Structures are given as C-alpha cells and as structure tokens.
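Student: no letters, just coordinates:
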C-alpha cells in the first residue's frame, strides 16, 4: 500500500469517489447532489492545497482524505477542514486511514488546526487519533420544520 499526496491526475477519480462517499451517508440519501463539476473543483482545491491524501494499492485508489484550507469562522486564523475521509468498503479495517491521517498530520499538523466533521456512519475512532470533540451539530431539516 502506498500513501501519498494527491496529484492533478487523481482529480477525476477522487471526484467520483467523493460522490460515492456521499451516497453512503444515510442523512444525505434523499438529498440532491451537486453536478459532477462541483466535486471536481473541490478535489482540485485539495490537490492545490496539497491536502488530498491518497491510499493506493496495485495502482488503484483505495482511500482518500480530502481537505481544504479555509478561514476559521470563530477566530482570525486558517484551518484545514476535512471534506472527506473514505476507504473502500473491502479495505476498511486495513491501515489505510491511519496511514493517510499520519501523512496529513505530518503535512499540516504544525501549521493548521485540522477539523473533522463527525459522521455517525463511520468506524473512525476520533479520540484514539487525539482529536478533541468541540461541538455537536443538530439540524432542523426543511422536511421536519
């Protein structure tokens, strides 16, 4: 397994994986996704920021960690917001996510706060990764209003 920083030639496959990832999130099942170009642009931004981390095996992408550098809306500093942490279902339980996270920390941990949005449909152990829970989000959907 090879863990590396994403490159421009990873954008198309990364965008397709991002769309597959969003379809796995139960909360989004009845939501309309953006057109494919939107996800391509997000992946391009992550590649530009060098915050696209790829796990690869036998020439195939088996996992991705995409983030973007953006302003922190509470204080005057930048943060790395993780948009997607995903490993192919048949590779979950492997070292892919941990190794991608370690490269991400090495790349950005001394420069930015790294923010993950907790998603319930995951087996990521946030506390084991030394991530501190700072908030919980709730949503009032238009369907429930």
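Tutor: Sure, I can see it. Owing to the predicted nature of the structure, the values given are computational and were not obtained by experimental measurement.
Student: tell me the buried residues in the longest strand seen in the chain?
Tutor: In the chain, with assignment by DSSP state E, the single longest strand is strand 60-71. For strand 60-71, a neighbour-count test (16 or more other Cβ atoms under 10 Å) marks 61-69 as buried. C-beta: built from backbone N, CA, C; applies to glycine.
Student: same thing with stretch 40-56?
Tutor: Buried residues in stretch 40-56 (16+ other Cβ under 10 Å): 40, 42-47, 49, 51-56.
Student: how about residues contacting that stretch?
Tutor: Here stretch 40-56 makes contact (Cβ atoms under 8 Å, 6 or more residues apart in numbering) with 1-8, 10-12, 14-15, 18, 61-69, 80, 83, 87, 91, 96-97, 99-100, 103-104, 107-108.
Student: so which of those residues sit within helices?
Tutor: 11-12, 14-15, 18, 96-97, 99-100, 103-104, 107-108 (DSSP state H).
Student: tell me what the longest strand of the chain is packed against?
Tutor: When contacts are defined as 3 or more Cβ pairs under 8 Å, 6 or more residues apart in numbering; DSSP states H and E, strand 60-71 sits against helix 11-24, helix 36-48, strand 52-57, strand 78-87, helix 96-108.
Student: nearest residue to the most centrally placed residue in the chain in space, please, no chain neighbours.
Tutor: In the chain, the centroid-proximal residue (Cα atoms, centre = their mean) is residue 84; its distance is 1.9 Å. Of all residues not flanking residue 84 in the chain, residue 66 sits nearest, at 4.4 Å (Cβ to Cβ, 6 or more residues apart in numbering).
Student: the one you found and residue 6: what is the separation?
Tutor: In this view, residue 66 and residue 6 are 8 Å apart by Cβ to Cβ, to the nearest Å.
Student: so for those two, which residues contact both of them?
Tutor: Shared contacts of residue 66 and residue 6, counting by Cβ under 8 Å, 6+ apart, come down to 14, 43, 46, 52-53.
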